[in-house]
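*Asks:* here are the coordinates; sequence isn't available:
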């Protein structure tokens, strides 16, 4: 079954500012979900499956994520901010410090301005506050993967 998903960002159809068509995205790309809370990993995995991404790996912490990133190419990383011993921000800095430009989405329960700014300065591509749904995840992924 082929599903064509189109996202429009804007207040009304007359004022649509950006249109995302994810039907052309390579949904066979490898996606890495990093979170130390297994329930959240399962939720994100299920949402990604709903969107059509099937090659989803998981890591329970930043160090495990770095090992996976070192041995496999990923087209997208979705990471929790609040992890031990390495936070999502520290993971992001490690990934970017190695010159890896893979699209990176940070997930957090906190939307503090200083956290958002720190993540932006470290090179995050997008930011999701927890309690999101498939539509939110689709739009965030569309935003980091560019116009398609």
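*Replies:* It's in. Everything numeric in this text was worked out from a predicted model, so none of it was measured.

*Asks:* Quick check: residue 77 touching residue 32?
*Replies:* Yes - between residue 77 and residue 32 there is a contact under Cβ atoms under 8 Å: 4.8 Å. Using the backbone N, CA and C atoms, a C-beta is placed for each residue, glycine as well.

*Asks:* what about the two, which has more around it?
*Replies:* More neighbours surround residue 77 than the other of residue 77 and residue 32, with 28 against 22 (other Cβ atoms under 10 Å).

*Asks:* So which residues make contact with the host helix or strand of the more buried one?
*Replies:* Residue 77 is part of strand 76-80 when elements are defined by DSSP states H and E. With Cβ atoms under 8 Å, 6 or more residues apart in numbering as the test, strand 76-80 has contacts from 29, 31-37, 40, 44, 62, 65, 69, 88, 91-92, 95, 102-108, 141, 144-145.

*Asks:* and after it, which helix or strand comes next?
*Replies:* Downstream of strand 76-80 (by DSSP H and E), the next one is helix 88-97.

*Asks:* Which strands or helices does that next one pack on?
*Replies:* helix 62-71, strand 76-80, strand 104-108, helix 113-122 (3 or more Cβ pairs under 8 Å, 6 or more residues apart in numbering; DSSP states H and E).

*Asks:* for the record, mean pLDDT for that helix?
*Replies:* Helix 88-97 shows a mean pLDDT of 97.
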